[in-house]
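> Compute the structure for the input listed below.
(2 chains)
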Number of protein chains: 2
Amino acid sequence: MEYERVTGKRYRVLHPRPAYVLIVGKWGGDDRGIMAASWVMPLSEEPERLVVAWDKETHSLSILRKTGVFTVNVVGPELTDLVWRVGSVSGWEVDKFREYGIEVEQARSNGGMVLKGALGWVEARVFRIVEDLAEDVDLVIADVVDAYARRDLYDPRYGWRASKAGILLHASGRAFFTPGRMVFAEK
Amino acid sequence: MEYERVTGKRYRVLHPRPAYVLIVGKWGGDDRGIMAASWVMPLSEEPERLVVAWDKETHSLSILRKTGVFTVNVVGPELTDLVWRVGSVSGWEVDKFREYGIEVEQARSNGGMVLKGALGWVEARVFRIVEDLAEDVDLVIADVVDAYARRDLYDPRYGWRASKAGILLHASGRAFFTPGRMVFAEK
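Just a heads-up that it's a prediction; the model follows:
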């Protein structure tokens, strides 16, 4: 096989990966933020934590520092445009909720907000923010407080019926994929 | 929509996500390890770093502490069984390279090894290991040293032709997905 050296944006070798909508702040509060993120992953099971690579200069991180809570919302292809919009505009310049008519609902357990129309979500509370790992990004470590998924699209034993749900995966720019064929490892 | 609370293995709400093969250790050295991981993500562009949630007790992490280098190998569906095997057996008990006939090649820039048959890979060098974030996992922060991708499957401007490449995504257990339909956000 012939390989080519990747010289720019080498993080793309690790894409496509799930594109989530992160909503920051408390239900009913004035301080709130929304953004798209695919540099999010589970960290651990003991205890259940997740981790987000969060741009230092974002409005949403400033809100997170004040409120301490956010939700990771899993979305399907019907929200592609919303993901793109909240991911390409700064909350310092635009009230994205108002500008894009984004509707939120009350989270069940962390005091935060979830995205109306999401396939599911994780409710998180900041455990620690590690600030000295990179110049442009802080690493947010958060406890998983609660999680929900659409009953018709999630199997408690196996997780998402991902092809049916169309879990959105970010490739680059405006380009996304949804999961296609299922493959099983042999016994 | 009707949502159900997710009570067990809540990390699955954040799956499917790319399933990589991590190879640890130096080319030509005796100390080497191999495992599957999907809790891997880019951390930052300035500088280019990535992060891996790494089980504390693994053989591969012990090797990483000694050698400091690893590669993140991106694979397609033809390597599903290999991913499953290296992900479900401990390197403390089995020499997985020998047992499964795994072939490696010399990495180009970090002194490590890459998986023969991979679609592409990132060569990484440990920057820091953060040990106090969870009981079961250490967070490995690594510098991106180099990256390669198959010429026929990767576009320098847009990244993977992911449907064609069949980038493997882990759902749960033996179940994986490959990317299907491409979706674009509107201009």
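> which residue ranges form the helices in chain A?
For chain A, the helices defined by DSSP state H occupy A:59-67, A:80-88, A:96-99, A:162-165.
> residues making contact with the third one?
Outside of helix A:96-99, the residues that reach it under the criterion C-beta atoms under 8 Å, 6 or more residues apart in numbering or on different chains are A:Arg32, A:Gly33, A:Ile34, A:Arg85, A:Val86, A:Val89, A:Ile102, A:Val104. Using the backbone N, CA and C atoms, a C-beta is placed for each residue, glycine as well.
> gap between the last one and chain B?
Taken as C-beta to the nearest C-beta, to the nearest Å, the spacing of A:Val104 relative to chain B amounts to 14 Å.
> Report the contact partners of the closest residue to A:Ser109 other than its chain neighbours.
Nearest residue to A:Ser109 in three dimensions, chain neighbours excluded: A:Asp146, at 3.8 Å (C-beta to C-beta, 6 or more residues apart in numbering or on different chains). For A:Asp146, the contacting residues are A:Ala107, A:Arg108, A:Ser109, A:Asn110, A:Val122, A:Glu123, B:Arg5, by C-beta under 8 Å, 6+ apart.
> now do A:Val72
Shown in contact with A:Val72 (C-beta under 8 Å, 6+ apart): A:Tyr20, A:Val21, A:Leu22, A:Ala37, A:Val40, A:Leu50, A:Val52, A:Trp121, A:Val122, A:Ala124, B:Val13, B:Leu14.
> Serialize these to CSV and add fields for neighbour count and pLDDT.
Below are the contacts of A:Val72 laid out as CSV (neighbours: other C-beta atoms under 10 Å in any protein chain shown; pLDDT from 0 to 100):
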residue, neighbour count, pLDDT
A:Tyr20, 28, 98
A:Val21, 25, 98
A:Leu22, 25, 98
A:Ala37, 21, 98
A:Val40, 23, 98
A:Leu50, 24, 98
A:Val52, 25, 98
A:Trp121, 29, 98
A:Val122, 29, 98
A:Ala124, 30, 98
B:Val13, 25, 98
B:Leu14, 25, 98
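> Of these, just say which sits nearest to B:Arg157.
A:Ala37 (22.3 Å; C-beta to C-beta).
> Next, count neighbours for the residue of chain A found nearest chain B.
Closest to chain B within chain A is A:Gly180: 2.1 Å, counting by C-beta to the nearest C-beta. By other C-beta atoms under 10 Å in any protein chain shown, the residues close to A:Gly180 number 18.
> ok, it - contacts?
Contacts for A:Gly180 (C-beta under 8 Å, 6+ apart) come out as A:Ser163, B:Ser163, B:Phe177, B:Thr178, B:Pro179, B:Gly180, B:Arg181.
> ok, what's across the strand from the spatially most central residue of chain A?
For chain A, the residue whose C-alpha lies nearest the mean C-alpha position (C-alpha atoms, centre = their mean) is A:Tyr20; its distance is 2.9 Å. Applying DSSP bridges to A:Tyr20 gives these bridge partners: A:Ala37, A:Val74.
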